[in-house]
Structures are given as structure tokens and as C-alpha cells.
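Participant: Give me the fold of what follows.
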Amino acid sequence: MPEAKKHIYRNIVWPFAIAETILWAASYYAFPAFLLQWEAEFGWSKTALVSAFTTALVLSALSAPFVGRLIDHGYARIVFATCGVSASILLVLLSQITAYWQFFTIWALIGVAMSGMLYEACFSVLTRALGVDAKRAITFVTLLAGLAGTLSFPAAYYLSEFLGWRSALLIFAASVASISLPLVWTACTHADRHHALNNIAASVQSTTVRRVLRTASFWLLAFAFMTIAISHGVIIPHLLPILAEYKIDPDTAVFAASMIGPMQVTGRLAMMAGERHVSIFTIANTCFIAMSIAALALLYSGSVEGLLIIFVILQGAANGVISIIKPVIIQKIHGRSGFGTISGMIAVPFLLGFALGPTLAALIWTIGGYQMVLTITFSTTLLGLIALLAVQRIPR
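Facilitator: Next up, the predicted model:
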């Protein structure tokens, strides 16, 4: 590896990869990992609990364009530092809750913090700094950060068993403050220097924003990615309750949830091995089909236990690849200038999909149980595939 590339990976990519793993584990995945414990201790309804998470993701989505624009203008360090410190403090406060209003308020604020410290913000920094070389860097970051769920579910489960969930959350908060914050500060500092040295133009004009918003490809792509986000947002926060309803052994359920992360990594490795032979859109189409099949496999996993393995493999691998190819497709269709702002705009419906998913699932569950939830998830993903196929037919 050339010395310049070693410098980039040592000072930008590796720090981001480690930091993102911990940030995802301690924020996004903390909710599904602790969900059953909160439900058991406080007696709050599943709908009430999930609505707090939905609010967090809605606020994260609405904050994304603003965060992207700040990164485009060189404020990545401030964004990541502010959001990382806030997340750490909020996790400490979450460990002390006694009332629902506290739970709801803290998760709403965690949502705002997530907008400036998870993948969307990270990918904007990498694209701004590395340009056409960002795809490999993004892939590398997601290979490691794909293990966040694998870290979060067992950590929450076993730490809670021995220390209680409140102490477990304090450990999560400490990991953000002591590990992730120094790493993202280092990564953002070197990314800014690399951007300046290469004189990469990244500002975006309001006319560019208006032009992008007028294109059919923007709205079709936004809808397609929103459906895939809904699918993952429905399933992951509810995975342990789904498997509990299907009478799956708790240890098996936790193991299955933990293995989605390694399957994300496996999917990304498979993509790297085959990306020279197929187009990026072919890979995307395959991911949508795989997630549709995964929903069906989970639907029938209560009666055919082997289908749980199929679900874990397809759900994990497809979602893992989607997180890589989403910024690549956005850049391919809409260009690189002002990527942070444009990506943030597309992130709004995408993150809203994650946000709506948990609450929609909880509401549908009250009507027809998780069987209806998974049937609708299957259909929604197919609609996303149709939208993605339509994007590919639009001349560029």
C-alpha cells in the first residue's frame, strides 16, 4: 500500500471505523438491546416505548440536511464532538430515569445527537475528503462498524445480567466518551487537512439544491431507500419481541440478533469480491430482493426454525451492502459537489423510514400481531424495488 494511502487509513479511516462501531452500538442498537428490560421494569406499553425511539429517529432525519451542510463547510470536528459529548451525557441520564417523560425526552435528544455522529455524517466527511476514493474507505468503515449490533446485544444482555441495565448504560456512555470522541476528533482533523491539500470543491449552491429536488430520480431514489429503511426499522427494534412471540429460546434469540452484524460484514466482503463483475444497481436490486425474502423467512421461522438462519443471513448481508452503496448511488446520480447537503436531503426520507418503522410495527402488531407486520414489510420492500428499477430507466 502506498505511503499516502497508509496515512489516510491510519489517521482517517481506521479511527472512524472503530468510533462508528461504538457509536452505533451505544446509541441506535442500545434501544432494541434494552427494550425488553425497560418493558419489564416499567410496564410501559411497547407502543409507548417504541414511539420514543421513533421520535429520536425523526429528529435525526430532520437534522440530517443541516448536519450535512455544516460538514460541507468544514465544521465536521465541531459536529462530531458536540454530538458525541451530548450522546455520552444523555446515556448517563438515561441510566437514571424513573418516569416515561424522562425516557421520551432523552431519546428525542439522542436522536438529534445521532444525526451528527453516525453513518450519514461519517460518509459525508469521507466523501468530502477523499472524493472518488471514498467508496473503499466507506466500505472499510462499514466492515468494522457492521459489528455494532454484535457488540451491543450481548453487551447489553450480559452486563445487565451481572450489573443491571442502569450500570450497563453507564458503561456504554463511558465507551463513547473515552474511545469514540478522541478517535473522531483525530479523523475529522486529518480529513480536513486532506481536503485542504487536495483543494476539493465541496460547497453547494441553492440552485443545485433546487435542481436536485426537481428531478424524478431524487424522489424515486428517496422512496426506494425509505422502504428499505422501513423494513430494517420494523424488524431490528422488534426482533427480540418477535422471536419471543414465536417461542424462540431467549439465548437463541440474542444469538440470532447478534449474528446480523457479522452477516453485514459478510455481505460487504461478498460485494467487494464481486463488484467488478456487476453494476452497482444490480447489487442494489439484489439487496432489495434479499430483504423481501428475509421478511418471509422471519414470518415463518416460528414453525420452521431453520428459516431463522436464512433470515439472519439475508437481512444482515443485504442491509450491510445497502449502507455502502447508498452514498455511491447518490454520488453516481447527483454528482459529488455538495455531497453532504444532497446526501442529507436524501437521508431525511431514509431516516424517517427507520423512524416510522418501529412505531408502525407496534401499531400493526396491536391489530394483527407480528405476522401482519412481517407481511406488510415484505410488500413494502417490493414497492421499493419497483422504484429503484424506475430510477435505472431515467437517462442521466
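Participant: can you pull the contacts of residue 137?
Facilitator: By CB atoms under 8 Å, 6 or more residues apart in numbering, residue 137 lies in contact with 8, 9, 12, 13, 16, 126, 130. Every residue, glycine included, has its C-beta placed from N, CA and C.
Participant: Return the closest of the residues you listed with respect to residue 154.
Facilitator: Each of those was scored against residue 154 by CB to CB, and residue 16 proved nearest at 23.4 Å.
Participant: Could you list the low-confidence segments of the stretch 151-300 of the chain?
Facilitator: Across the stretch 151-300 of the chain, residues meeting the criterion (pLDDT under 70) sit at 198-210.
Participant: Can you show me the strands along it?
Facilitator: Using DSSP state E, counting those that start in this stretch, the strands of the stretch 151-300 of the chain do not appear at all; there are none.
Participant: which other helices and strands contact the helix or strand containing residue 343?
Facilitator: Under the criterion of DSSP states H and E, residue 343 resides in helix 339-392. The helices and strands touching helix 339-392, judged by 3 or more CB pairs under 8 Å, 6 or more residues apart in numbering; DSSP states H and E, are helix 46-72, helix 119-130, helix 206-213, helix 216-245, helix 280-299, helix 307-334.
Participant: Measure how far the longest one is from the centre of its chain, please.
Facilitator: Relative to the mean C-alpha coordinate of its chain, helix 216-245 is positioned 11 Å out (CA atoms, centre = their mean, to the nearest Å).
Participant: Identify each buried residue in it, please.
Facilitator: By neighbour count on 16 or more other CB atoms under 10 Å, the buried set for helix 216-245 is 217-218, 220-243.
Participant: got it, and stretch 270-289?
Facilitator: By neighbour count, with 16+ other CB under 10 Å as the criterion, the buried positions of stretch 270-289 are 271, 275, 283, 284, 285, 286, 287, 288.
Participant: With only the CA atoms kept, save that stretch in PDB.
Facilitator: Backbone C-alpha positions of stretch 270-289 (Å, rounded to 0.1, in the frame of the first residue of the first chain) are rendered in PDB as follows:
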ATOM      1  CA  ALA A 270     -19.000 -10.500  -0.900                       C
ATOM      2  CA  MET A 271     -19.800  -7.200  -2.600                       C
ATOM      3  CA  MET A 272     -16.100  -6.300  -2.700                       C
ATOM      4  CA  ALA A 273     -15.300  -9.600  -4.300                       C
ATOM      5  CA  GLY A 274     -18.000  -9.300  -7.000                       C
ATOM      6  CA  GLU A 275     -18.400  -5.600  -7.600                       C
ATOM      7  CA  ARG A 276     -16.000  -5.700 -10.600                       C
ATOM      8  CA  HIS A 277     -18.300  -8.100 -12.400                       C
ATOM      9  CA  VAL A 278     -21.700  -6.500 -11.800                       C
ATOM     10  CA  SER A 279     -23.100  -3.000 -11.700                       C
ATOM     11  CA  ILE A 280     -23.800  -1.100  -8.600                       C
ATOM     12  CA  PHE A 281     -27.500  -1.100  -9.500                       C
ATOM     13  CA  THR A 282     -27.500  -4.900  -9.900                       C
ATOM     14  CA  ILE A 283     -26.100  -5.200  -6.400                       C
ATOM     15  CA  ALA A 284     -28.800  -2.800  -5.100                       C
ATOM     16  CA  ASN A 285     -31.600  -4.800  -6.800                       C
ATOM     17  CA  THR A 286     -30.300  -8.000  -5.300                       C
ATOM     18  CA  CYS A 287     -30.300  -6.400  -1.800                       C
ATOM     19  CA  PHE A 288     -34.000  -5.400  -2.100                       C
ATOM     20  CA  ILE A 289     -34.900  -8.900  -3.200                       C
END
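Participant: Go ahead and name everything in contact with it.
Facilitator: Stretch 270-289 is contacted from outside by 139, 224, 228, 317-319, 321-322, 324-325, 328-329, 332, 381-382, 384-385, 388-389, 392, using CB under 8 Å, 6+ apart.
Participant: same check, this time on stretch 98-111
Facilitator: By CB under 8 Å, 6+ apart, stretch 98-111 touches 27, 31, 38, 42, 44, 48-49, 51-53, 55-60, 63, 86-87, 90-91, 93-94, 97.
Participant: of these, buried ones?
Facilitator: When neighbours are counted using 16+ other CB under 10 Å, those contain these buried positions: 27, 31, 38, 44, 48-49, 51-53, 55-60, 63, 86-87, 90-91, 93-94, 97.
Participant: Show the contacting residues for residue 364.
Facilitator: Taking CB under 8 Å, 6+ apart, we find residue 364 in contact with 372, 373, 376.
Participant: at 6 Å instead, please
Facilitator: Listed by CB atoms under 6 Å, 6 or more residues apart in numbering, the contact partners of residue 364 are 372, 373.
Participant: what does the model give it for pLDDT?
Facilitator: Here, the pLDDT recorded for residue 364 equals 89.
Participant: Perfect, that will be all.
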